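Asks: give me the fold of what follows.
(chains A, B and C)
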Amino acid sequence: MPSSSFPSSSPTSSPTRATDNLLELAQQMSPSKPPDVLRRIRRNIEARANEIQDNLSTLKRRITDYENQATTTARPKKQRKHNNRAADADDSIPNPQTIEDRTREKGRHFVVEALFLVDSDVFTVEEDEDFEPCEEFASDQNRIQGQLLQIKCYLPDDVKHLRTTTLISGAFIDGMSGQRSSTSNRLRVASLSKIVDDIKPFETSSSRFNAFAKLIGYQPGTPTREPYYSKLDAPILYDKWEGKKDLDSFLRGPILLKIHATIIRGPNGATGLFSGKSKRPSAKTVEKMYKIHRTSLGAILNAACLAIWMHSADTQLVEIGDETGINYRECQSYYLQCILNGLANNKAWAVDLIAYWDHILFPRC
DNA sequence: AGGTCTACTTATATCGTAGT
DNA sequence: ACTACGATATAAGTAGACCT
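Replies: Below you'll find the predicted structure:
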């Protein structure tokens, strides 16, 4: 590059020359000068100072311009992905990127309407073709088969047969954990004040324990048994709690409904829910994306477990609470079994449960 | 004690949508 | 077109596990 491109001469109004000028002017100031001359000199000094200030600002602005230009050219928009399942996928799979994106979205949807936690081996387990979903859920095998059946309902048809590949299982799991993170942040941070009246007790793990342990089923230890969390003696799950469990208000706790409204309608979704004025924002919401018009069983299970979690001392939304030891995945299965048993025996509380949720969450539908 | 790995949370930038 | 509101991807932050 020719040196002539970079003239070594200083700019016309370099700071040095301007400063020299200032010194000259300052030296002209002497007590013997008449007042009007002094005023003129002072105006000149001020003018020079302003000019210097302007030049400085211009230079600074130019520096930031150059910096921005430099960083945009040095760092192209395209950013590397952490792990590239699509690129690593088997060559026989067409459009792996699209498949990954679609599957990830199904994983997110699954967390909203089905189960927010599943057994880790559900993607690798052998499928039992004869499994009947209405059988007893108690055994591990049946529970996992039940989950698998559910997941297959959500997986895109053209992809179901690939469920054991890392492309599909990874994308689905990725979608699930992303949605869980978003949920945890929504409930404990972004919309906490819209769900509960007083956010103060939620500040720390121990303040949550002190304020809510009883509410979520904590049974203190006695000389003969360890303390534990009861799955049914948890007042938060009930619409009305009068000292003991009453199935007629089981899984109807107002917090539970608020939680689901918050998840499907965004951070403000819970406001006005019980006066028929639940906000339905114009923005893209989970409710619109997944076309949710009625309550799913999974939504109820999840809301129950999430209500317990958000009031618990646990610090992260994981399968087994880090402070309480509560197994939230097990809770889901347990409540599901409660409802299915109720339905099988035609119990009113179970039969009417979804209608109860629907008339609050989706009035006039 | 410190490094590295991993899983989870959080902040930010970007995009989309509907109402005005 | 503009604005408000949400969802998502990504990167950065954080804590614990495991190793040396």
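
Asks: so where do the helices sit in the stretch 101-250 of chain A?
Replies: A:140-154, A:166-185, A:192-195, A:205-212 (DSSP state H, counting those that start in this stretch).

Asks: for DNA strand C, find the nearest of those helices.
Replies: Proximity to DNA strand C (Cβ to the nearest atom of the strand) singles out helix A:166-185 among these, at 5.0 Å. Yep, even glycine has a C-beta here, placed from its N, CA and C like the rest.

Asks: tell me what that closest one is packed against?
Replies: Packing partners of helix A:166-185 (3 or more Cβ pairs under 8 Å, 6 or more residues apart in numbering; DSSP states H and E): helix A:85-88, helix A:96-113.

Asks: thinking again about what came up before, which of the helices of the stretch 101-250 of chain A sits closest to residue A:86?
Replies: Evaluated with Cβ to Cβ, the helices of the stretch 101-250 of chain A place helix A:166-185 nearest to residue A:86, the distance being 7.0 Å.

Asks: got the angle for the closest one vs helix A:140-154?
Replies: 90 degrees (axes from the mean of the first three to the mean of the last three Cα atoms, to 10 degrees).

Asks: run a quick neighbour tally on the closest residue in space to residue A:173 that isn't next to it in sequence.
Replies: Of all residues not flanking residue A:173 in the chain, residue A:107 sits nearest, at 6.5 Å (Cβ to Cβ, 6 or more residues apart in numbering). Summarising burial for residue A:107: neighbours were counted as other Cβ atoms under 10 Å, giving 25.

Asks: pick the most deeply packed of the helices and strands packed on helix A:166-185.
Replies: By mean neighbour count, with neighbours taken as mean count of other Cβ atoms under 10 Å, helix A:96-113 ranks first of those at a mean of 20.

Asks: does the residue nearest to residue A:248 when sequence neighbours are not counted sit in a helix, a strand or a coil?
Replies: Spatial nearest neighbour of residue A:248, excluding adjacent residues (Cβ to Cβ, 6+ apart): residue A:349 at 5.3 Å. Residue A:349 carries the three-state label helix when classified by DSSP: H, G, I helix; E, B strand; the rest coil.

Asks: which residues are in contact with residue A:349?
Replies: A:247, A:248, A:250, A:342 (Cβ atoms under 8 Å, 6 or more residues apart in numbering).

Asks: could you list the buried residues of stretch A:159-167?
Replies: Neighbour-count burial for stretch A:159-167, counted by 16 or more other Cβ atoms under 10 Å, picks out A:159, A:162, A:163, A:165, A:167.

Asks: likewise stretch A:143-154?
Replies: A:143, A:144, A:145, A:146, A:147, A:148, A:150, A:151, A:154.

Asks: what's next to that stretch, contact-wise?
Replies: A:106-107, A:109-110, A:114-115, A:118-119, A:121-123, A:125, A:127-128, A:131, A:133, A:137, A:160, A:163, A:172, A:298, A:333.

Asks: just the buried ones among those residues, please.
Replies: A:106-107, A:109-110, A:114-115, A:118-119, A:122-123, A:137, A:163, A:172, A:298, A:333.

Asks: wait, residue A:262 sits on residue A:186?
Replies: Yes: at 6.1 Å, residue A:262 and residue A:186 qualify as touching, with contact defined as Cβ atoms under 8 Å.

Asks: the two: which has the busier surroundings?
Replies: Set residue A:262 next to residue A:186 and count neighbours by other Cβ under 10 Å: residue A:262 wins out with 27 against 21.

Asks: what about the more buried one, distance to DNA strand B?
Replies: Distance from residue A:262 to DNA strand B, counting by Cβ to the nearest atom of the strand, to the nearest Å: 14 Å.

Asks: want to throw the buried residues of stretch A:143-154 into JSON lines with distance to DNA strand B and pLDDT?
Replies: Listed next are these as JSON lines, based on distance: Cβ to the nearest atom of the strand, whole Å; pLDDT from 0 to 100:
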{"residue": "A:143", "distance to DNA strand B": "19", "pLDDT": "87"}
{"residue": "A:144", "distance to DNA strand B": "18", "pLDDT": "89"}
{"residue": "A:145", "distance to DNA strand B": "23", "pLDDT": "91"}
{"residue": "A:146", "distance to DNA strand B": "21", "pLDDT": "90"}
{"residue": "A:147", "distance to DNA strand B": "17", "pLDDT": "92"}
{"residue": "A:148", "distance to DNA strand B": "20", "pLDDT": "93"}
{"residue": "A:150", "distance to DNA strand B": "20", "pLDDT": "92"}
{"residue": "A:151", "distance to DNA strand B": "17", "pLDDT": "94"}
{"residue": "A:154", "distance to DNA strand B": "19", "pLDDT": "94"}
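
Asks: from these, which two are the most distant?
Replies: Those two in those that are separated most widely, counting by Cβ to Cβ, are A:143 and A:154, at 17.2 Å.

Asks: so which of the helices of the stretch 101-250 of chain A is nearest residue A:337?
Replies: helix A:140-154 (9.2 Å).

Asks: touching DNA strand C at all, that closest one?
Replies: No: using Cβ under 7 Å from any atom of the strand, helix A:140-154 stays clear of DNA strand C, with a minimum separation of 13.5 Å.

Asks: sorry, back to before: between the buried ones among the contacts of stretch A:143-154, which is closest to residue A:227?
Replies: Using Cβ to Cβ, those come closest to residue A:227 at residue A:333, 22.6 Å.
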